[in-house]
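Engineer: Got a predicted structure plus its sequence, pasted below:
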Amino acid sequence: MNEWRFSTFDKTLDKTNRVLKEIESAYGWPKERRNQSYEVLRVVLHTLRDRLTIDEAAQLGAQLPLLIRGVYYEGWNPSRVPQKMDREEFLQRVRQNVRYRIEGGTEHLVRAVLQALSHYVSEGEWADVRSSMPADVRAVIPV
């Protein structure tokens, strides 16, 4: 039983590090900027989660790697969602909550984070997430 637990933790840590490395790679950030890649992951996840309906947020969360799922649900208040946001409001919320200066703009940042997560979410779930968004926000979410 202990071997299974450690294996599960090792796997989720590995998946989380792969997501963070992909974000860093998209920006050319060295590993020493891991706090920054974690912060942008958290902010994008929370903004997306808060825009989704409760059911859709739960369906997306169920597919995320275990450790990332914990970040995703941190501080979530289902009684306050979905929060209506158009594209500009969505991007502004991300921009306001990232403490670092990000080259390439907020839309590029959102796409890079969601692209890194896409390896762990089924195409069908991404389609559901995209279809639950207004068209202008949908354009920010990679296919």
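Structural biologist: Ah, there it is.

Engineer: low-scoring stretches of this protein, by residue?
Structural biologist: Scanning the chain for pLDDT under 70 picks out 1-5.

Engineer: Look up how far residue 106 lies from the residue nearest the centre of it.
Structural biologist: Taking CA atoms, centre = their mean, the centroid of the chain lies closest to residue 45, which sits 3.3 Å from it. Distance check for residue 45 against residue 106: by CB to CB, to the nearest Å, it reads 15 Å. For glycine as for every other residue, the C-beta is placed from the backbone atoms N, C-alpha and C.

Engineer: can you map out the helices along this protein?
Structural biologist: In the chain, the helices defined using DSSP state H lie at 2-27, 34-51, 54-63, 66-73, 87-97, 106-117, 123-131, 135-138.

Engineer: Tabulate these (JSON lines), appending distance to residue 81.
Structural biologist: Formatted as JSON lines, the helices of the chain follow (distance: least, CB to CB, whole Å):
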{"stretch": "helix 2-27", "distance to residue 81": "23"}
{"stretch": "helix 34-51", "distance to residue 81": "5"}
{"stretch": "helix 54-63", "distance to residue 81": "6"}
{"stretch": "helix 66-73", "distance to residue 81": "12"}
{"stretch": "helix 87-97", "distance to residue 81": "13"}
{"stretch": "helix 106-117", "distance to residue 81": "18"}
{"stretch": "helix 123-131", "distance to residue 81": "14"}
{"stretch": "helix 135-138", "distance to residue 81": "14"}
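
Engineer: returning to what we had before: could you count how many residues lie near the nearest residue to the residue nearest to the centre of the chain once chain neighbours are set aside?
Structural biologist: In space, and not counting its chain neighbours, residue 45 is closest to residue 72: 4.8 Å by CB to CB, 6 or more residues apart in numbering. A count of neighbours around residue 72, defined by other CB atoms under 10 Å, yields 20.

Engineer: oh, and call the first residue 29 from now on, that's how I've got it
Structural biologist: Renumbered: residue one is now 29, and that last one reads residue 100.

Engineer: dump the residue contacts of residue 112.
Structural biologist: Residues near residue 112 by CB atoms under 8 Å, 6 or more residues apart in numbering: residue 79.
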